[in-house]
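>>> mind folding the following:
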Amino acid sequence: MKNWRNHRRMRMTKMGSSMKTSILSVLVGLGFVGCMSTSPDIELREYPRPGALSSTLTDGPHLIYDGDTTVFLRGVNVEGQMLLDVKKFSRSELQTIIVHKSGFLPRSFEVELAEAPIKEATYYPPAEKIFAVSDIEGNFNTLVNLMQQHGVINEHLDWSFGSGHFVMIGDVFDRGNHVTEMLWLLYHLEAQALENGGYVHLLMGNHEALNLRGDLRYIEPKYTTFSKLTEELLGINYVSLFSNDSELGRWLRSKNVVEKIGNKLFVHAGISPDLMRTGYSLEEINELSKEMLDTPKADFTGSDSLMWGKMGPFWYRGYFDVNRKSWGPKASQLDVDQIVDQFEVSQIIVGHSHVDKPELLYEGRVCAINVVPPADHLISAPPWRAYGVLIQGDDYFIADEDGLLTDIME
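Just a heads-up that it's a prediction; the model follows:
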């Protein structure tokens with residue numbers, strides 16, 4: 001990693017009551033750079049400490065590319081205000097970054113930057129074991145706990161799942177305070193899994209698509225605060241943080257909405273009968289979905305409207321008992337049988353629509369795994385439970401946050 005202490009100059013803007021009174025300052029000796037390079041083990045021994053439960057005033061890092069320059073952006077908490085830390089590097093100079101997750105149970109990890117995003121396939125050979133989670137929505141601690149309890153990562157947040165596959169079926173974004181940190185964690189694990197013969201699949205959910213399309217109706221206030229700082233100082237708005245000119249944005253745009261691992265089909269919301277009847281292949285669904293992300297609604301074609309509509313893979317709720325007036329007809333057993341047969345799979349694994357525990361529906365042909373996790377920054381009473389699913393061959397196990405596995409049929 002490049003020596004961050006050679007880049008002490010930090011440009012910052014301080015929030016006033018109206019965001020119109022921002023100032024640009026040089027901060028020296030406040031220790032922001034030093035804390036980024038501190039050992040995670042030392043950080044864990046020091047916490048929790050007074051004030052450590054709040055993470056509403058930190059965010060990042062974000063990397064924005066401007067020609068041969070990389071602009072490094074980070075929101076830091078200085079005496080109860082979010083300030084903007086800005087550094088500039090040459091593209092070749094910045095090879096690794098340190099990501100620090102603040103708040104309760106803080107963690108730090110180093111991320112090696114990829115030369116280019118992986119070109120994701122649509123079809124993958126069978127995997128000996130698959131661990132799947134959905135709709136984690138900014139809840140870093142919940143995700144890390146599930147992954148650690150079931151041997152996907154170790155105590156240092158490094159890959160320990162061997163040749164196994166980890167599948168996040170969409171919705172990392174929104175409703176939680178650690179979206180950016182979770183994206184970097186998955187980015188980090190992606191490279192490590194490949195080195196060990198495994199794979200990390202991040203599928204696009206409706207919340208990823210909303211954010212990339214600039215629809216910010218569900219984001220937490222801290223992201224609005226951060227983007228106001230970057231926009232006022234640098235002209236970089238929230239959407240630009242995830243554009244094709246950003247590291248996270250170009251990485252996210254490489255991701256699919258649907259993938260097939262062996263004879264298992266993973267998709268955020270589901271495949272509707274309407275989508276099946278188009279005759280689109282899974283590759284075509286992925287390509288059309290990616291094109292839709294950067295297409296204004298005014299320019300939508302029929303395929304764009306289908307992909308983004310309530311019968312598309314981002315929003316479909318036809319496998320569940322929901323408001324039919326809002327979400328259209330419920331799929332029949334025959335519909336699901338035809339979908340499974342057309343795509344030559346044994347099950348469709350979906351998130352998006354809430355269930356109390358992972359369960360099999362439609363005579364075992366649909367596995368629903370969207371269990372709303374506890375929010376990291378809230379305390380609930382009674383406490384909510386979080387679950388993932390472990391798939392070994394044709395066996396499905398409910399994986400709980402205590403590391404216990406239960407056959408999904410029990």
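
>>> count of residues packed around residue 78?
When neighbours are defined as other CB atoms under 10 Å, residue 78 has 14 of them. Glycine gets a C-beta too; all of them are placed from N, C-alpha and C.

>>> which residues touch the residue nearest the centre of the chain?
Closest residue to the average C-alpha location of the chain: residue 172 at 3.1 Å, with CA atoms, centre = their mean. Taking CB atoms under 8 Å, 6 or more residues apart in numbering, we find residue 172 in contact with 136, 137, 138, 179, 182, 183, 186, 202, 205, 207, 208.

>>> keep only those of the residues you listed that are in strands.
Among those, the members falling in strands (DSSP state E) are residue 202.

>>> closest to residue 336 out of the contacts of residue 172?
Distances from residue 336 to the contacts of residue 172, taken as CB to CB, are shortest for residue 205 (20.7 Å).

>>> quick one: residues contacting the closest one.
Residues in contact with residue 205, defined by CB under 8 Å, 6+ apart, are 134, 135, 169, 170, 171, 172, 173, 268, 269, 314, 351, 352.

>>> now with 6 Å?
Residue 205 makes contact with 170, 171, 268, according to CB atoms under 6 Å, 6 or more residues apart in numbering.

>>> got it, and residue 343?
Going by CB under 6 Å, 6+ apart, the list of residues near residue 343 reads residue 265.

>>> that one and residue 332, how far apart?
17 Å (CB to CB, to the nearest Å).

>>> what does residue 120 give?
For residue 120, the distance to residue 332 equals 32 Å [CB to CB].

>>> which of the two has more residues huddled nearby?
Between residue 120 and residue 332, counted using other CB under 10 Å, residue 120 has the larger neighbour count: 15 against 12.

>>> just checking, the more buried one touches residue 256?
Yes. Residue 120 lies in contact with residue 256 (CB atoms under 6 Å); the separation is 5.2 Å.

>>> name the helix or strand for residue 317, please.
Element membership for residue 317 (DSSP states H and E) is empty, with no helix or strand holding it.

>>> just confirm the residue nearest to the centre of the chain is within a strand.
No. Secondary structure of residue 172 (DSSP: H, G, I helix; E, B strand; the rest coil): coil, not part of a strand.

>>> for it, give me phi and psi.
Per-residue torsions, residue 172: phi -80, psi -30 (degrees, to the nearest 10).

>>> let me know how buried the nearest residue to residue 147 once chain neighbours are set aside is, in neighbour terms.
Excluding the flanking residues, the one nearest residue 147 by CB to CB, 6 or more residues apart in numbering is residue 153, at 4.6 Å. Residue 153 has 24 neighbours, counted by other CB under 10 Å.

>>> gap between residue 153 and residue 323?
Counting by CB to CB, the gap from residue 153 to residue 323 is 38 Å.

>>> likewise for residue 342?
28 Å.

>>> if you count what's nearby, which of the two comes out ahead?
More neighbours surround residue 342 than the other of residue 342 and residue 323, with 13 against 8 (other CB under 10 Å).

>>> and that one, its phi and psi?
The phi/psi pair for residue 342 (degrees, to the nearest 10) is phi -60, psi -40.

>>> look up phi and psi at the closest residue in space to it that isn't next to it in sequence.
Nearest residue to residue 342, sequence neighbours excluded (CB to CB, 6+ apart): residue 276, at 5.7 Å. Per-residue torsions, residue 276: phi -60, psi -40 (degrees, to the nearest 10).

>>> you'd agree residue 276 is up against residue 339?
Yes. Contact criterion CB under 6 Å: residue 276 and residue 339 qualify, at 4.9 Å.

>>> more neighbours, these two?
Taking neighbours as other CB under 10 Å, residue 276 and residue 339 compare with residue 339 leading, 23 against 19.

>>> low pLDDT regions in the chain?
1-54, 374-383 (pLDDT under 70).

>>> show me how the record splits it into domains.
As given by automatic domain parsing, the domain ranges for the chain are 4-112, 123-407.
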